[in-house]
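Peer 1: The sequence and its predicted three-dimensional model are supplied below.
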Amino acid sequence: MAALCRSASLQNSPFIIFNFFKKCPPTPGFKTFADEWKAMCSVVFKYSNDILSAQLHENLDSKGKYKIITYHEFSRRGYNSTEDPPLSTPDWGNMLHGAYNVGQEFHKGEYRELSTIHGVQFAPTIPQSDKSVFIIASYRASEEIALKNIEERWQEWSVLRFIDHRAGHDLGMHNLGIYKRFSRTGIFTYIIRGEFTGLNGDITAGWDLVNKVRSARMPHGLVFDDISLYRIRPSNIIQLTDIFI
């Protein structure tokens, strides 16, 4: 197994905001949720000097728990929603109220990249290919456990050993990052996000991996939440150089 290595410096690794959407109907005025998400991102990109990229993952399982997961990379901690522009403006508030009024349901948290499979910093990252498939898993930690002990023993996570052995040989794993929540908001303590470039067309092997991970033994005190396969359409990747901003 390749050594699970900590990112060179957590002080220098980007801040990642993950949003896990269970329900995401678009608000009036937008044809799709992706259109609404792009509009909100354009406001953030307009006012922020710190955002690096924004990406929208679509679940490849139509019955999956989280329909969409959005991923936003900042060079520093993300906005304070009550103090910093544009999030303190009436327009932004109206957009958020509209989202809640149509019943959007999601879990949000701010994370830092803690470790990677290959020992190379994964974030910030843009997909290696338009056909890349991402595996995203979420975990909660019991309050009574010592997180430091778990974080110093990543190599003992059977789920990571399995992913590294199977995906590295068969699925073309580009990299896999482990992210730890540092914000008070959010319900997931850790998130695993990996990119596969070898799942072209038939992704049966990817679903087999997902099923094996679901049943993998976890360290004491960690509670599995969900795992699935996702894809990012090129139109759902936003960077500072994009024309629409």
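Peer 2: Here it is on my side, so go on.

Peer 1: Quick check: bridge partners of Tyr190?
Peer 2: Tyr139, Lys180 (DSSP bridges).

Peer 1: mind checking how far the helix or strand harbouring Ile135 is from the chain centre?
Peer 2: Assessed by DSSP states H and E, Ile135 sits inside strand 133-141. Averaging C-alpha positions (C-alpha atoms, centre = their mean, to the nearest Å) puts strand 133-141 8 Å from its chain's average.

Peer 1: list the buried ones in it?
Peer 2: Of the residues in strand 133-141, those with enough neighbours to count as buried (16 or more other C-beta atoms under 10 Å) are 133-141. For the C-beta atoms, the positions are set from N, CA and C on the backbone; glycine is no exception.

Peer 1: same for that strand, what does it pack against?
Peer 2: Helices and strands touching strand 133-141, as assessed by 3 or more C-beta pairs under 8 Å, 6 or more residues apart in numbering; DSSP states H and E, comprise helix 158-170, strand 190-196, helix 204-214, strand 222-231.

Peer 1: List the neighbours of it that are in contact with it.
Peer 2: 20, 57, 60, 69, 127, 147, 150, 159, 163, 167, 176, 187-196, 199, 203, 206, 209-210, 213, 218, 221-232 (C-beta atoms under 8 Å, 6 or more residues apart in numbering).

Peer 1: average model confidence for it?
Peer 2: The pLDDT scores in strand 133-141 average 92.

Peer 1: Just want the angle from it to strand 190-196.
Peer 2: 170 degrees (axes from the mean of the first three to the mean of the last three C-alpha atoms, to 10 degrees).

Peer 1: tell me which strands and helices the longest strand seen in the chain is in contact with?
Peer 2: Longest strand of the chain, by residue count under DSSP state E: strand 105-116. Identification of packing neighbours for strand 105-116 by 3+ C-beta pairs under 8 Å, 6+ apart yields strand 5-6, strand 15-23, strand 173-181.

Peer 1: which one of those strands is the most hemmed in?
Peer 2: strand 173-181 (a mean of 22; mean count of other C-beta atoms under 10 Å).

Peer 1: What is it packed up against?
Peer 2: Checking 3+ C-beta pairs under 8 Å, 6+ apart, strand 173-181 ends up next to strand 105-116, helix 158-170, strand 190-196.

Peer 1: and the longest one, what's its mean pLDDT?
Peer 2: Taken as a whole, helix 158-170 has a mean pLDDT of 69.

Peer 1: do the same with stretch 61-68
Peer 2: 96.

Peer 1: same thing with stretch 73-83?
Peer 2: Stretch 73-83 comes out at a mean pLDDT of 62.

Peer 1: Report the helix or strand with the lowest average pLDDT across the chain.
Peer 2: Scoring the helices and strands of the chain by mean pLDDT, DSSP states H and E places strand 5-6 at the bottom, with a mean of 51.

Peer 1: thinking again about what came up before, of the helices and strands packed on strand 105-116, which approaches Met40 most closely?
Peer 2: strand 15-23 (10.6 Å; C-beta to C-beta).

Peer 1: can you dump the C-alpha coordinates of whichever helix or strand comes after that closest one into PDB?
Peer 2: Once strand 15-23 ends, the next helix or strand along the chain (criterion: DSSP H and E) is helix 33-47. Only the C-alpha atoms of helix 33-47 are listed here, as PDB (Å, rounded to 0.1, in the frame of the first residue of the first chain):
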ATOM      1  CA  PHE A  33     -30.300  23.500  -9.900                       C
ATOM      2  CA  ALA A  34     -26.900  23.700 -11.800                       C
ATOM      3  CA  ASP A  35     -28.000  27.000 -13.300                       C
ATOM      4  CA  GLU A  36     -28.900  28.400  -9.900                       C
ATOM      5  CA  TRP A  37     -25.600  27.200  -8.400                       C
ATOM      6  CA  LYS A  38     -23.700  28.900 -11.200                       C
ATOM      7  CA  ALA A  39     -25.500  32.200 -10.500                       C
ATOM      8  CA  MET A  40     -24.600  32.000  -6.900                       C
ATOM      9  CA  CYS A  41     -21.000  31.100  -7.700                       C
ATOM     10  CA  SER A  42     -20.700  34.100 -10.100                       C
ATOM     11  CA  VAL A  43     -21.500  36.400  -7.200                       C
ATOM     12  CA  VAL A  44     -18.800  34.900  -5.000                       C
ATOM     13  CA  PHE A  45     -16.200  35.000  -7.800                       C
ATOM     14  CA  LYS A  46     -17.100  38.600  -8.400                       C
ATOM     15  CA  TYR A  47     -16.400  39.700  -4.800                       C
END
